[in-house]
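Asks: Sequence plus the predicted model coming up.
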Amino acid sequence: MRELKTQVDDGEAEAIALAMELGDVLIILDDRNARRIAQQLNLKVIGTVGMLLRAKQKGVIAEIKPLLTALSQADFRISASLVGNALRLAGEL
């Protein structure tokens, strides 16, 4: 755990450590470095946008566009290309 905290922030280190402890879980990480480390540890990783897409596919939410807009307005860093790809995959373009 101490080694993880030298590579990623505390919250991401805690999330990775918990996922390692729990075993077969899907961990939500958006930071590129944290994702890389988690994947090197053979953890299953998904990002926030991927989770929104899954929620729409499962009928949990009707649309992802308003949520992506809200994330952007809350200073969640997300590229325009990722938003565009997500909207295409969600059938919202």
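Replies: Nice, I can see it.
Asks: Show me what the host helix or strand of Ser81 is packed against.
Replies: Element membership for Ser81 (DSSP states H and E) is helix 80-89. Packing partners of helix 80-89 (3 or more Cβ pairs under 8 Å, 6 or more residues apart in numbering; DSSP states H and E): helix 48-57, helix 65-73. Quick note: C-beta positions are derived from backbone N, CA and C, even for glycine.
Asks: who's in contact with it?
Replies: Residues from elsewhere that reach helix 80-89 (Cβ atoms under 8 Å, 6 or more residues apart in numbering): 49, 52-53, 64-65, 68, 72, 93.
Asks: and that helix with helix 65-73, angle?
Replies: Per axes from the mean of the first three to the mean of the last three Cα atoms, to 10 degrees, the angle that helix 80-89 makes with helix 65-73 is 170 degrees.
Asks: and the angle for helix 80-89 with helix 48-57?
Replies: Using the same axes, to 10 degrees: helix 80-89 against helix 48-57 is 10 degrees.
Asks: rewinding a little: hey, which of the helices and strands packed on helix 80-89 is tucked in deepest?
Replies: helix 48-57 (a mean of 17; mean count of other Cβ atoms under 10 Å).
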